[in-house]
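A.B. asks: Pasted the sequence and its predicted model underneath.
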Amino acid sequence: KRLSKVTVTERGIIPVNVLPRKVNPCTWDRILGYWNDPIDERVPAEDEVPNEFEFSILDGVLTADQKDALHINRVEADTKIQDEKEARKAQLTAKLQPALGLSDLLAAFGDEEVIRANGGAIPATEEEIAKTTALLFGGV
């Protein structure tokens, strides 16, 4: 934002631009100097005019290099999101597959406990083995 002040003239109250678009170095002493001698309508000096890159920042318009960098960052971000989705999908798929087989459950918990956890029968399908494994290890 450019600093401005208002002055009272014969024509009424008029806003006056105090600072140019570029103040380098931007110190309080320099700003106070502009306050006492505002830029107003005078032609700014060469060091008071932003270059192309600085104008792009002030005006919100990207230079060609900035557009390329933004495009590359966007592609990288999209790739990262896709990779994270695929990793999460693989993680969920791995959770759905039983890590232990029926023989592992029987050896660890015994026949009676496995049958009781499966509702009165030896687990016969992959889904029953997964459900029984979850129940035996404290799941719901």
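C.D. replies: Arrived safely. Numbering: from 1, shown residues only.
A.B. asks: quick one: the strands in the chain?
C.D. replies: For the chain, the strands defined by DSSP state E occupy 4-9, 12-17.
A.B. asks: Enumerate every residue touching the closest residue to Gly101 other than its chain neighbours.
C.D. replies: Distances taken as C-beta to C-beta, 6 or more residues apart in numbering place Ile129 nearest to Gly101, at 7.0 Å, with adjacent residues excluded. C-beta coordinates here come from the backbone N, C-alpha and C atoms, glycine included. Residues counted as contacts of Ile129 (C-beta atoms under 8 Å, 6 or more residues apart in numbering) are 98, 100-102, 105, 123.
A.B. asks: What is the most widely separated pair among those?
C.D. replies: Taking C-beta to C-beta as the measure, the contacts of Ile129 span a maximum distance of 10.8 Å, between Leu100 and Pro123.
A.B. asks: and those two? which has more neighbours close in?
C.D. replies: Counted by other C-beta atoms under 10 Å, Leu100 and Pro123 do not tie: Pro123 has more neighbours, with 22 against 15.
A.B. asks: tell me the phi and psi of that one?
C.D. replies: Recorded main-chain torsions at Pro123 are phi -60, psi 130, according to degrees, to the nearest 10.
A.B. asks: That one contacts Asp111, doesn't it?
C.D. replies: No - counting by C-beta atoms under 8 Å, Pro123 does not reach Asp111; the two are 11.4 Å apart.
A.B. asks: What average pLDDT does the longest helix seen in the chain get?
C.D. replies: Longest helix of the chain, by residue count under DSSP state H: helix 64-96. Helix 64-96 carries an average pLDDT of 83.
A.B. asks: Need the strands of the chain in CSV (columns: mean pLDDT).
C.D. replies: As requested, these are exported to CSV (pLDDT from 0 to 100):
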stretch, mean pLDDT
strand 4-9, 86
strand 12-17, 89
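A.B. asks: possible to save the ones you listed as TSV with mean neighbour count and distance to Asp40?
C.D. replies: TSV is the format used below for the strands of the chain (neighbours: other C-beta atoms under 10 Å; distance: least, C-beta to C-beta, whole Å):
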stretch	mean neighbour count	distance to Asp40
strand 4-9	10	9
strand 12-17	11	5
